[in-house]
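In: got a structure for you, letters missing:
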Ligand code: G3I
């Protein structure tokens, strides 16, 4: 009968997990309900999940997650309105009835307007469906480039708009659509990985600072935090501190700590030692996070067997990046969170 992580952290921030409808059944459902008080849909609130064909919205799987969260007193963090991945192909092509129907959009003003109309319809339908039952949304996900000199990710969005203006448009549209259904308190986040990397972080910071200076309604910054045992904690801390200076809300949205495993099947004698080292890493990470002003910290998966790093066909490494193992047992990482004195 080990302590509940959500209770241990209750004074600091909500503790979340990325989940899928298959995680709701026991025994994983019990693990979820005991230790977590927030959920993020791992895949089922992404554009391709919610609007696979233009004008047809499929909320069933997402609704299952929302119903479970509400029945168990959990908050729901929305992920994500706009992304370059897991967005259906139709979004980037001319609509039915257009002379170039099905062909890729170009970058004319007319084409940009098609994109904005689609974004408005997409967010509008989601806002009408969930209102303020989802407390925050990743409005845009991963729009900053990993190449610091490039600044913005060179996505289809960026290409069609010939620049980053689509990001501000997305925040304004999201605010309008949510306000229109009375969901005026729902918070709007920009979410990215690698925010511990100083150069990438500064590019994200400049974007957020500029948007806020120009009245673009961005409320929060989500640090995905897909990290490893080699990620310096000081870089994570410096990033959180820097954004705190802007007065934005902050959350750790997709935490996992990879141990540096080889692909499955390759011998890995260091496994046990790395799992202990991971416990120390989680301890030090959470000691730092507890000192910060965060809305929530979300583990990207309920347990190691459900981590995205595991992949689908056994060719991916046994990264074991989460506080619970494949058998749903608490790891040293769990104890690192619960008992910082260890
Ligand atoms: O559902 C199909 C299944 O039928 C098929 O057999 C299998 C074989 O490829 O694919 C399954 O779909 C997969 C889907 O997850 C649902 O499980 C996709 O291939 C796979 O690409 C997809 O991966 C997701 C990934 O985003 C896609 O980019 C991961 O589950 C999800 O954890 C991951 O999450 C992202 C965040 O949204 C954004 N930040 C990074 C994070 C990790 O990549």
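Out: Happy to help now that I have it. Computed from a predicted model, the values in this text were never measured in an experiment. Numbering: from 1, shown residues only.

In: quick one: mean pLDDT for stretch 206-226?
Out: This predicted structure assigns stretch 206-226 an average pLDDT of 98.

In: equivalent analysis for stretch 93-105, please.
Out: In this model, stretch 93-105 carries a mean pLDDT of 96.

In: also stretch 298-308?
Out: When pLDDT is averaged over stretch 298-308, the result is 96.

In: can you list contacts of that stretch?
Out: Residues from elsewhere that reach stretch 298-308, judged by Cβ atoms under 8 Å, 6 or more residues apart in numbering: 15-20, 23, 28, 31-32, 36, 38, 40, 42, 77, 224, 226, 251-256, 310, 318-326, 328, 331. For glycine as for every other residue, the C-beta is placed from the backbone atoms N, C-alpha and C.

In: please indicate which of those are buried?
Out: Burial by neighbour count, 16 or more other Cβ atoms under 10 Å: within the contacts of stretch 298-308 this picks out 15-20, 23, 28, 31-32, 36, 38, 40, 42, 77, 224, 226, 251-256, 310, 318-325, 331.

In: quick check: which element contains whichever residue of the stretch 51-200 of the chain sits closest to the ligand?
Out: With Cβ to the nearest ligand atom as the measure, residue 85 is the residue of the stretch 51-200 of the chain nearest to the ligand, at 4.7 Å. When elements are assigned from DSSP states H and E, residue 85 belongs to no helix and no strand.

In: what number of residues lie near it?
Out: 11 (other Cβ atoms under 10 Å).

In: again, but for residue 295
Out: A count of nearby residues for residue 295, using other Cβ under 10 Å, gives 23.

In: hmm, it is touching residue 136, no?
Out: Yes: Residue 295 is within contact range of residue 136, at 7.3 Å (criterion: Cβ atoms under 8 Å).

In: shared neighbours, the two?
Out: With Cβ under 8 Å, 6+ apart as the test, residue 295 and residue 136 both reach 187, 220, 249, 251.

In: which of those residues has the most neighbours?
Out: Most crowded among the shared contacts of residue 295 and residue 136, counting by other Cβ under 10 Å, is residue 251 at 27 neighbours.

In: what does this structure put close to the ligand?
Out: Residues of the chain that fall close to the ligand, judged by Cβ under 6 Å from any ligand atom: 42, 43, 85, 86, 141, 193, 224, 254, 308, 312.

In: gap between the fourth one and residue 144?
Out: To tie it back to what came earlier, the one meant is residue 86. Distance of residue 86 to residue 144, given as Cβ to Cβ, to the nearest Å: 18 Å.
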